[in-house]
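Engineer: 3D model of this:
(2 chains)
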Number of protein chains: 2
Amino acid sequence: MASASGRGPEIRKSTVLNRWVIFSSARARRPSDFKSKSPAANPNSTSSLCPFCLGNEHHCAPEIFRIPSDATSGWKIRVIENLFPALQRDQQLLSQDPDSDSHSCFALSGFGFHDVVIETPIHSVHLWDLSSSGVGDVLLAYKKRIEQLACYESIKYVQVFKNHGASAGASLSHSHSQMVALPIIPPTVSIRLDSMKECFERTGKCSICEIQSQELLINESDQFFSIVPFSASFPFEIWIIPRDHSSHFHELDENKAVDLGGLLKLMLLKLAKQLNDPPFNFMIHTSPLRVAPEQLPYSHWFLQIVPQLTVLGGFEIGSGCYINPVFPEDAAKVLREVNVTF
Amino acid sequence: MASASGRGPEIRKSTVLNRWVIFSSARARRPSDFKSKSPAANPNSTSSLCPFCLGNEHHCAPEIFRIPSDATSGWKIRVIENLFPALQRDQQLLSQDPDSDSHSCFALSGFGFHDVVIETPIHSVHLWDLSSSGVGDVLLAYKKRIEQLACYESIKYVQVFKNHGASAGASLSHSHSQMVALPIIPPTVSIRLDSMKECFERTGKCSICEIQSQELLINESDQFFSIVPFSASFPFEIWIIPRDHSSHFHELDENKAVDLGGLLKLMLLKLAKQLNDPPFNFMIHTSPLRVAPEQLPYSHWFLQIVPQLTVLGGFEIGSGCYINPVFPEDAAKVLREVNVTF
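Structural biologist: Below is the predicted model of the structure:
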């Protein structure tokens, strides 16, 4: 593969995210020189005051469920309420008529759910330290909780995400992820579905099923593959995509969960090794709840991993365009060649 | 005014930005307790190696113009090319046919301009240290450069922005702002214009002209007013809005530039005093080039200031929704009451 470094800048548009990204190697270091300046992990941090540690359950907000469900002390995963929820489950969902509102805006009460998935009882264990099936169990906990939340008719979408490292938004270092159940369809979801629908109607094809670039491929498993997307907004951004066309993450079965768990573990190990344990986020991009897959023939869920290596400034906030100093082909090559074993 | 603190969360939608924001005081400190933990300024930083300082002009990329235009050594403002441009002025604008592209995406060569406005020749002077007319001169430099860039037919939009502080994206501490001239209409602009058009067609009114809330008002000048928007995405976000309905920033005349300069200076002084010199960004939200105001009866430009007090995490990246721990009414009250004089 010819290196993309040194070539002129390029502006790419994703038909998945309907987003423009400027690739500019004039602003880049060499792709292999990217390292986090502020590694996320703090292996020596104390667990004595950590509410997520085994034995400190009484410092947490109420538990929703644990895995195994009958474990007394020896739990592996706990799903709990967030002690500082962005949304509240006891709010009534009331909307104001936009026309009655002098602010030219409208408002809903903040009804929703904000839950935490504690991925391990042990403070010093990272998600990628778990076995493939251990990571798979975390993914199945997301699935189970999504299925519970889907019973609330006013909940339209569940955003699953993980923040690792303070500069990626994590306020506690103990390995955990979060789920926010929203009474609205968030803008990225409607923009993504509109964009994929437009592409489907134009070409008859799912724009994610069509991704078959060897240049962008990082690794493959039986049922998933990982790539750096052609129009990645962030340097070393990764998407993990199910091979089978599937609209909803929570269609995941146990077999696929272990397979995805292994590939997710591999990607996180590669990022940690190549980029010096960077702070990162991952997000699951799925479809709205209670919409049948047949109604969304163009939708294909995926998991996005974003290491936090650059700062968003006024250009990104103002324009909604991103500047990425690393061409995706170069980032994919670097990540493909990182040697990790487990 | 009743304090909004302590009330339940609320989800608000802006008809200007077509964006959802969750307000959740459960996650907040008191509004008056917000302080930046990483102040932006470094007053002792050396100027000897700063390419933006008077006398170091030869370390910079080529100059486009200076103010006064005939100044030899005693310049006040310089507009120069960015040494590490995201886009390049010598690229040919070539687009690929989206249908011919196996990546399900499409790409343009990175044609465009990326300029820097050096706001003062003196290293230790901040934008808000200039007089009102000194700030006005910076705004008029933006206007002059936009008018030059508007001559390039393939340039569709100019994003003017300022990054202050490393964590807001500034790589040099010498006071400067940037202008990126794009061959596309950026997504925030098309989303904003679509949203304001929809509101205009529904109500017959400009959604920005309709903002008349005393609760959200911070300060007023003859021809501008500053508010915390009803659905602010960020804590202590400020919009400065021209009273006269006007679609394009570069319609600004000298009189208005001094007036806006004074109000911008006041807002930056208030943020610095109240929030401990936070890193911040400001962005000018205007209309596409070479579209006559009559064709955009619903568009109204404004200047947005965003102090960097919170971290964006997986929820924001994934959903495009924002969580703001400070209700706008509370932020406006705090900023209204900050006592600064100049």
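Engineer: around chain B, pick out the residues from the stretch 51-200 of chain A.
Structural biologist: Residues of the stretch 51-200 of chain A lying near chain B by C-beta under 8 Å from any C-beta of the partner chain: A:84-88, A:91, A:98-99, A:102-110, A:157, A:159-163, A:166-170, A:178, A:180, A:182-184, A:186-189, A:191, A:199. Where you see a C-beta, it was placed from the backbone N, CA and C, and this is true even at glycine.
Engineer: are any of the residues you listed buried, and if so which?
Structural biologist: A:85-88, A:91, A:98, A:103-110, A:157, A:159-163, A:167-170, A:178, A:180, A:182-184, A:186-189, A:191, A:199 (16 or more other C-beta atoms under 10 Å in any protein chain shown).
Engineer: rewinding a little: and the residues of the stretch 51-200 of chain A next to chain B, which of them are in strands?
Structural biologist: The members of those that map onto strands under DSSP state E are A:105-109, A:157, A:159-163, A:178, A:180, A:182.
Engineer: nearest to residue B:261, of those?
Structural biologist: Within these, the smallest distance to residue B:261 is 28.9 Å, found for residue A:105 (C-beta to C-beta).
Engineer: now the helices for the stretch 101-250 of chain A?
Structural biologist: Per DSSP state H, counting those that start in this stretch, the stretch 101-250 of chain A carries helices over the ranges A:132-149, A:187-203.
Engineer: ok, and what's touching the last one?
Structural biologist: Identification of contacts with helix A:187-203 by C-beta atoms under 8 Å, 6 or more residues apart in numbering or on different chains yields A:14-18, A:157, A:205-208, A:210, A:285, A:287-288, A:296-300, B:18-20, B:99, B:104, B:318-321.
Engineer: in that helix, what's buried?
Structural biologist: A:187, A:188, A:189, A:191, A:192, A:193, A:195, A:196, A:199, A:200.
Engineer: one step back: I'd like the ones in strands among the residues of the stretch 51-200 of chain A next to chain B as CSV, with pLDDT and distance to residue B:313 appended.
Structural biologist: CSV is the format used below for those (pLDDT from 0 to 100; distance: C-beta to C-beta, whole Å):
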residue, pLDDT, distance to residue B:313
A:105, 49, 24
A:106, 71, 26
A:107, 76, 23
A:108, 79, 22
A:109, 79, 23
A:157, 97, 17
A:159, 97, 11
A:160, 98, 13
A:161, 98, 7
A:162, 98, 9
A:163, 97, 4
A:178, 97, 9
A:180, 96, 11
A:182, 94, 15
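Engineer: looking at these, which is nearest residue A:271?
Structural biologist: Nearest to residue A:271 out of those is residue A:162 (C-beta to C-beta; 12.6 Å).
Engineer: ok, now which ones touch the closest residue to the closest one other than its chain neighbours?
Structural biologist: Among residues not flanking residue A:162 along the chain, residue A:177 sits closest, at 3.9 Å (C-beta to C-beta, 6 or more residues apart in numbering or on different chains). Residue A:177 makes contact with A:116, A:117, A:119, A:127, A:138, A:142, A:160, A:161, A:162, A:282, according to C-beta under 8 Å, 6+ apart.
Engineer: quick one: which of the residues you listed is nearest to chain B?
Structural biologist: Of all those, residue A:161 has the smallest distance to chain B: 2.9 Å, by C-beta to the nearest C-beta.
Engineer: which residues does the closest one bridge with?
Structural biologist: residue A:178, residue A:283 (DSSP bridges).
Engineer: okay, the lowest-mean-pLDDT helix or strand in chain A in CSV with CA atoms only?
Structural biologist: Taking mean pLDDT, DSSP states H and E as the measure, chain A has strand A:105-109 as its least confident helix or strand, at a mean of 71. Listed next in CSV are the C-alpha coordinates belonging to strand A:105-109 (Å, rounded to 0.1, in the frame of the first residue of the first chain):
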residue,chain,number,x,y,z
CYS,A,105,-37.3,26.6,21.5
PHE,A,106,-39.0,23.8,23.2
ALA,A,107,-38.4,21.8,26.3
LEU,A,108,-39.2,18.4,27.7
SER,A,109,-38.9,17.4,31.3
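Engineer: what about residue A:272, helix or strand, and which?
Structural biologist: helix A:254-275 (DSSP states H and E).
Engineer: list the contacts of the one residue sitting closest to the centre of chain A.
Structural biologist: Per C-alpha atoms, centre = their mean, the C-alpha nearest to the average position across chain A is that of residue A:283, at 1.2 Å. Residue A:283 is in contact with A:159, A:160, A:161, A:162, A:303, A:304, A:306, B:314, B:317, B:318, counting by C-beta under 8 Å, 6+ apart.
Engineer: once you drop chain neighbours, what's closest to residue A:268?
Structural biologist: Nearest to residue A:268 is residue A:128, by C-beta to C-beta, 6+ apart, at 4.0 Å.
Engineer: no wait, residue A:221
Structural biologist: Closest to residue A:221 by C-beta to C-beta, 6+ apart is residue A:263, at 4.5 Å.
Engineer: hmm, the one you found is touching residue A:242, no?
Structural biologist: No. The pair residue A:263 / residue A:242 is not scored as a contact, 10.3 Å apart, by C-beta atoms under 8 Å.
Engineer: what touches both of those two?
Structural biologist: Common neighbours of residue A:263 and residue A:242 (C-beta under 8 Å, 6+ apart) are residue A:224.
Engineer: just the strands in the stretch 201-342 of chain A please.
Structural biologist: Chain-ordered strands for the stretch 201-342 of chain A, with DSSP state E, counting those that start in this stretch as the definition, fall at A:217-220, A:224-227, A:238-242, A:280-285, A:302-307, A:322-324.
Engineer: er, the stretch 1-150 of chain A I mean
Structural biologist: Under DSSP E, counting those that start in this stretch, the stretch 1-150 of chain A gives strands at A:10-14, A:19-23, A:63-67, A:77-81, A:105-109, A:113-118.
Engineer: rank these by pLDDT, which is bottom?
Structural biologist: Mean pLDDT values for those show the minimum at strand A:105-109, a mean of 71.
Engineer: taking strand B:19-23 as reference, get the angle to that strand.
Structural biologist: 40 degrees (axes from the mean of the first three to the mean of the last three C-alpha atoms, to 10 degrees).
Engineer: ok, back up a step: pLDDT wise, what is the residue nearest to the centre of chain A at?
Structural biologist: pLDDT, read off for residue A:283, is 98.
Engineer: cool, residue A:37 as well?
Structural biologist: Residue A:37 carries a pLDDT value of 71.
Engineer: what does the one 10 residues further on give?
Structural biologist: The predicted local confidence for residue A:47 comes out at a pLDDT of 62.
Engineer: one more: the one 4 residues further on?
Structural biologist: pLDDT, residue A:51: 94.
Engineer: spit out the contact partners of it.
Structural biologist: For residue A:51, the contact set (C-beta under 8 Å, 6+ apart) comprises A:57, A:59, A:60, A:83, A:172.
Engineer: chain B: which of these is nearest?
Structural biologist: Relative to chain B, the closest of the contacts of residue A:51 is residue A:83; by C-beta to the nearest C-beta it sits at 8.9 Å.
Engineer: ok, now which ones touch that closest one?
Structural biologist: Counting by C-beta under 8 Å, 6+ apart, residue A:83 touches A:51, A:60, A:61.
Engineer: name whatever forms a beta bridge with the residue lying closest to the last one once chain neighbours are set aside.
Structural biologist: Once flanking residues are discounted, residue A:61 sits nearest to residue A:81: 3.9 Å by C-beta to C-beta, 6+ apart. Beta-bridge partners of residue A:81, counted by DSSP bridges, are residue A:115.
Engineer: so residue A:81 touches residue A:64, yeah?
Structural biologist: Yes. With contacts counted by C-beta under 8 Å, residue A:81 reaches residue A:64, the gap being 6.7 Å.
Engineer: which one of these two has more residues nearby?
Structural biologist: residue A:64 (19 against 15; other C-beta atoms under 10 Å in any protein chain shown).
Engineer: what residues does the stretch 201-342 of chain A have near chain B?
Structural biologist: Residues of the stretch 201-342 of chain A lying near chain B (C-beta under 8 Å from any C-beta): A:203, A:205, A:207-208, A:210-213, A:216, A:230-231, A:281-285, A:304, A:306, A:311-315, A:317-321, A:323.
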